[in-house]
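# Model the structure of this input:
(4 chains)
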4 protein chains.
Amino acid sequence: MSYNSFGHVFRFTTWGESHGPAIGAVVDGCPPGIALSEGDIQPWLDKRRPGQSRFTTQRREPDEVRILSGVFEGRTTGTPISLLIENVDQRSKDYSDVARAYRPGHADYAYDAKYGFRDPRGGGRSSARETAMRVAAGAVARLVIPEVMIRGWVESIGGDAIDPASFDPEEIGRNPFFCPDAAAAARWEAKIDAARKAGSSLGAVVACEATGVPPGWGAPLYAKLDAELAHACMGINAVKGVEIGDGFAAAALSGEENADAMQPGNEGPRFLSNHAGGIAGGISTGQPVRVRVAFKPTSSILTPVETITREGEATTIATKGRHDPCVGIRGVPVVEAMMALVLADQKLLNRAQCG
Amino acid sequence: MSYNSFGHVFRFTTWGESHGPAIGAVVDGCPPGIALSEGDIQPWLDKRRPGQSRFTTQRREPDEVRILSGVFEGRTTGTPISLLIENVDQRSKDYSDVARAYRPGHADYAYDAKYGFRDPRGGGRSSARETAMRVAAGAVARLVIPEVMIRGWVESIGGDAIDPASFDPEEIGRNPFFCPDAAAAARWEAKIDAARKAGSSLGAVVACEATGVPPGWGAPLYAKLDAELAHACMGINAVKGVEIGDGFAAAALSGEENADAMQPGNEGPRFLSNHAGGIAGGISTGQPVRVRVAFKPTSSILTPVETITREGEATTIATKGRHDPCVGIRGVPVVEAMMALVLADQKLLNRAQCG
Amino acid sequence: MSYNSFGHVFRFTTWGESHGPAIGAVVDGCPPGIALSEGDIQPWLDKRRPGQSRFTTQRREPDEVRILSGVFEGRTTGTPISLLIENVDQRSKDYSDVARAYRPGHADYAYDAKYGFRDPRGGGRSSARETAMRVAAGAVARLVIPEVMIRGWVESIGGDAIDPASFDPEEIGRNPFFCPDAAAAARWEAKIDAARKAGSSLGAVVACEATGVPPGWGAPLYAKLDAELAHACMGINAVKGVEIGDGFAAAALSGEENADAMQPGNEGPRFLSNHAGGIAGGISTGQPVRVRVAFKPTSSILTPVETITREGEATTIATKGRHDPCVGIRGVPVVEAMMALVLADQKLLNRAQCG
Amino acid sequence: MSYNSFGHVFRFTTWGESHGPAIGAVVDGCPPGIALSEGDIQPWLDKRRPGQSRFTTQRREPDEVRILSGVFEGRTTGTPISLLIENVDQRSKDYSDVARAYRPGHADYAYDAKYGFRDPRGGGRSSARETAMRVAAGAVARLVIPEVMIRGWVESIGGDAIDPASFDPEEIGRNPFFCPDAAAAARWEAKIDAARKAGSSLGAVVACEATGVPPGWGAPLYAKLDAELAHACMGINAVKGVEIGDGFAAAALSGEENADAMQPGNEGPRFLSNHAGGIAGGISTGQPVRVRVAFKPTSSILTPVETITREGEATTIATKGRHDPCVGIRGVPVVEAMMALVLADQKLLNRAQCG
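Numbers count the residues shown, from 1 in each chain, chains lettered A, B, ... in the order given. Sure, this is the predicted structure:
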């Protein structure tokens, strides 16, 4: 049990608040002998970094990662890898509003109820900034599973979905929304601009797919690969739903419609469909592993909302400051990272039990 | 790490296959001094028991639980509680079909790929029968959280949903579908009868609500109450999606629509809505904790489906035998049990850290 | 965290009290495909079984183990292996003495202080009977590490030690004391007879050696193989000390005396001594892994000892009944089992990280 | 499972090598609202710091700790506390000798055998420098258990023990050996000076006692307080033996001699002796908790010892550089820290289960 760790044999722990001197992660259980430098991690952080377009928070953090341990002469030694990012853009802002009253949708009231008090600066530990360390740890995880290719994208924003027929993987990197459908990207631009200008925010659905996962990762029941992915993704800030494969849509199907029929293939079966999202009985089947993740709209909005003060009196609160109008967009590299972290752990666990 | 355990300080481990001599669970970390007898567990098992209507499998198992340890003079001692149910109705059936070829949607191929072979009798470890032990362990968990009331129901079957306006909690116990809407129950009867007669099956969505959860259970990030519930529910057989509160619907909302505004209440805030499903920042807020779970249709269907044999040759398979036409129905007591198990664990964990 | 489990990826959980209907263990994480039947476990239980000579408790338990899950057609399936032994010889004894007052050296007072009450029958959960399940689980573990040979023996009883010069491994099985020195065995016979007749008891030191452990099992610092063995052995009832290699004797040596010099060997180094007990930096070196374990004298003695009642009043207590005059003797198969359980787990963990 | 973490609900993870830029620890699960600043940690680090007398290594590290997270306005927030110490005195030394051949008694060969290579600078991860982070984390743990007073001392060096009759707690702080017996301290000065000048080293036994531990901490069997302490202490570098209470001496006693008789006391029993070291059945009794720990002599000695190169060829090696002639001396604050860390964790665990 650790409140701030994830994983079993490939395991990481994160620490740090938005407005402290730094944030960090410790990656433990990494196999030895893997080539690793800051250069393997930084590109993924850059992908997640705020301030790159007007559609994400204008907070400017270089998010430059340093490796403080666990690497010798460019290779992992098998001992813990400490990753650290200094917090640079900590505006000496006035947090008295946030300290005084509870922002609806935020962790403010729950933290106070649990811990008796909280660090109100930038959300403290509950800041989305924490996800940078997931991305950093995920970059290490990717090196543990070179056989796997992971790709995430945004599937809908504010209820406006991509057209699956227009899915173009090349398009994902061409717009600031990780959107695989150029037409949808154009619509989203207008949509998010409007929300941003109104001081409002939008929810989003992120999808992520891992190809190259061999059959046999995961385990039945309490260690299901589905359950591990659900845990991983539901622990990301602002996430309220997780689906594997067809997810809720499968609940509307008949058994015939949902069956992933098999034909003889080159190695193992050739599946005729992938309703299961690449996982059966909790174990990977060799098909692409697919997860969909629902991000609620950013809770920080300019519109004043009814709330109460710490003393229990009625008031209203509006959250000024620099916020992502749609936190789900930057959720893409985070979901990808969690996918990598789960798969790296499961690869090692499978090797432990099954050799 | 254990592949067959769940929980941190209140923790249970299950064992057993559908066609072995028995199945069982060990509940560890239960507080001492709680009154406990078989009579506290049996009613919940009876609720889940197969063979009670024509809408569930006709396998007849009395599912009579015995407590083998951890209780002295009617009270828990704080030592492990061993629960055991003997398997009674093990028809000496011919499993050569299942042993020979892979049933699509089942764990057959994945188990073979991972373990090299599998126990084909009744699905072996992946049998839905395992969920009986979740229900039994959950009955113990309920006694740890007497302040909490847990209620589950079926929200839709095969895409046919209840009318929220007709929600009547009293109705849930009056029909074999755990359906809170009498009109929907009538429709479902026809729907499931048709599926059953056609040898087909249907998916379902189960909802579950826990009231009386005080604010403060759960923890940020990797130990979020949302994440624990997601892990718990996604580990149930046939589950492919989990939502907390509004879940995927929240992804289509704006920040204003999704905000759970607060007014001064008797103790703590009075919330004007519950989009968050009673959890903010991973910590309970005192509102009802709400989860929705998607069950895929039962994979065992009479219609022959293309598949391959263990040797990789093309064939078709149809699954005869006694199966639930809609496994989601009996999922209700299972989801309730997982809710109880998560909350009992979180109550103790919160007590550990915060006194 | 589980209070009644041990191990990381090869993990077991035990349950049951001396005077309940049965005791049991669940072994989780066992590799699939290993040939396993009751016949692989029973011989080790027989070695530990009470009532085989006048030097152990006269309680007669056949200790017949049943495998309830996890094995199909004679091979492990990779799913949890449930082991169960029914309690047969539960004399309907009067436990009112033990229930009323605290036996010094026993867990009585501590259990009451922690749990508020306790099961006084035969020591409840703290009964040495629990060690039967360690032996059963250990028998499974041995099959996971066929490359390793484990051998335990008693090194001293009541302060009377064997002569290392007379160490004869063949002798261990020839006397009821697991004594490798025929002369010491003869002395111990008289010593224990005297203790037994006087209603007294004696402490003992047990040694255990594992040969065939390859270099590389274990890990630095908090996961040291030494630390795992210390945890494993210190958790056995009545154990109060653990040494690896020279242990406390090393604290009296100089660096030169303690150095295990190396010469070129066939595979890896040839060590000229083994002060380190086969472990350096927490990792096995390929030398025999050696542990020594101190068992205190059985706390159940006929001599009345001053104590207090549950109500806090002065009284004396003498423990009648059938007890081992030297619980350390039957500790030999238990220490061997814990050695096997630790090594099986470490083998799999090493495979997880290092392939 | 984490290779570099310790504890269950109060848990810490350490990272870092002797010659990297820094070392650190993350403390997770700390109760909220505890006053904490660097000033609460630094004094314990100073006690352990090298270079304070000629009897410890002459390496000079200020060991100045920084708190990077988890504290707001001087109080713990309940989120992870990141502690960091920069490495200052990293002499640009030539480590080619150590890289080329295996130092007997060191982790060199074992690391190479496990990981394929290793960081040879200053012992890398296996450096005693890691223990600074145990001391830092232990300082936080002490604040969680203000009811407990922990005191450690050296009991013998190179086989020369203190006279228990001369035990004077005041004396411990007056000499550089943490020696409670002034006469022994005088003898040790000469002894260690001789060893130091000869380039040799000495082993030591460290004792540690915790008073104020209430009855009820710990749990039976696999979670015994004895077992947790054994794990904690055996994981310290150079430790090869652990005893609780009388330890190995108890193995030479009779049941009568070993019984800790009880009389009515003010609260709970008054014990007439403490052979058990304050723990019965794995649970604290309210008596002082006592542990003894054997440190082997420092493996770094000037005398050349036979060994082999990485390529398997015969050679000799002598370890130059700045080393503790008796690593056990500085082990005192480390054993104290591990005692604090175990007890803080057990306090919270007991609160989880028993309220």
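# Next up, the contacts around residue A:243.
Shown in contact with residue A:243 (CB atoms under 8 Å, 6 or more residues apart in numbering or on different chains): A:277, A:291, A:292, A:293, B:240, B:241, B:248, B:294. Using the backbone N, CA and C atoms, a C-beta is placed for each residue, glycine as well.
# Okay, and which of those map to strands?
Among the contacts of residue A:243, the residues falling in strands (DSSP state E) are A:291, A:292, A:293, B:240, B:241, B:294.
# ok, those vs residue D:39, which is closest?
Using CB to CB, residue A:293 comes nearest to residue D:39 of the ones in strands among the contacts of residue A:243, at 43.7 Å.
# That closest one against residue A:208, yeah?
Yes. Counting by CB atoms under 8 Å, residue A:293 touches residue A:208, with 7.3 Å between them.
# Strands of the stretch 51-200 of chain A, start to end?
A:65-67, A:71-72, A:75-76, A:81-86, A:149-157, A:160-161 (DSSP state E, counting those that start in this stretch).
# give me the low-pLDDT residue ranges for the stretch 51-200 of chain A?
Counting by pLDDT under 70, the stretch 51-200 of chain A shows low-confidence ranges at A:51, A:58-60, A:89-93.
# who in it is up against chain C?
A:78, A:79 (CB under 8 Å from any CB of the partner chain).
# Which single residue of the stretch 51-200 of chain A ends up nearest chain B?
Nearest residue of the stretch 51-200 of chain A to chain B: residue A:107, at 2.3 Å (CB to the nearest CB).
# picking that back up, tell me which of residue A:293 and residue A:208 has more neighbours.
Neighbours of residue A:293 and residue A:208, each counted by other CB atoms under 10 Å in any protein chain shown, are more numerous for residue A:293; the result is 32 against 26.
# which one of the strands of the stretch 51-200 of chain A has the most crowded surroundings?
strand A:81-86 (a mean of 25; mean count of other CB atoms under 10 Å in any protein chain shown).
# Adjacent strands (with direction) for it?
Looking at strand A:81-86 with DSSP bridges, its partner strands are strand A:22-28 (antiparallel), strand A:65-67 (antiparallel).
# now the helices for the stretch 1-150 of chain A?
Along the stretch 1-150 of chain A, the stretches classed as helices by DSSP state H, counting those that start in this stretch are A:38-48, A:96-100, A:108-115, A:131-144.
# Tabulate these (TSV), appending mean neighbour count.
As requested, the helices of the stretch 1-150 of chain A are exported to TSV (neighbours: other CB atoms under 10 Å in any protein chain shown):
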stretch	mean neighbour count
helix A:38-48	18
helix A:96-100	15
helix A:108-115	25
helix A:131-144	26
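# Which among these is found nearest to chain D?
helix A:108-115 (3.8 Å).
# and the closest one, does that touch chain D?
Yes. Helix A:108-115 reaches chain D (CB under 8 Å from any CB) through A:114, A:115.
# for that helix, the distance to its chain's centre please.
24 Å (CA atoms, centre = their mean, to the nearest Å).
# what helices or strands is that helix leaning on?
strand B:279-280, strand B:283-284, helix B:331-354 (3 or more CB pairs under 8 Å, 6 or more residues apart in numbering or on different chains; DSSP states H and E).
# which strands and helices sit next to the first one?
Packed against strand B:279-280 by the contact rule (3+ CB pairs under 8 Å, 6+ apart) you find helix A:108-115.
# now the helix it packs on against helix B:331-354, angle please.
60 degrees (axes from the mean of the first three to the mean of the last three CA atoms, to 10 degrees).
# C-alpha coordinates for helix A:108-115, PDB please?
Provided in PDB are the C-alpha atoms of helix A:108-115 (Å, rounded to 0.1, in the frame of the first residue of the first chain):
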ATOM      1  CA  ASP A 108     -10.900  21.600  -2.000                       C
ATOM      2  CA  TYR A 109     -13.700  20.500   0.300                       C
ATOM      3  CA  ALA A 110     -12.700  16.900   0.200                       C
ATOM      4  CA  TYR A 111      -9.100  17.600   1.200                       C
ATOM      5  CA  ASP A 112     -10.200  19.800   4.100                       C
ATOM      6  CA  ALA A 113     -12.700  17.200   5.200                       C
ATOM      7  CA  LYS A 114     -10.000  14.500   5.200                       C
ATOM      8  CA  TYR A 115      -6.800  16.200   6.200                       C
END
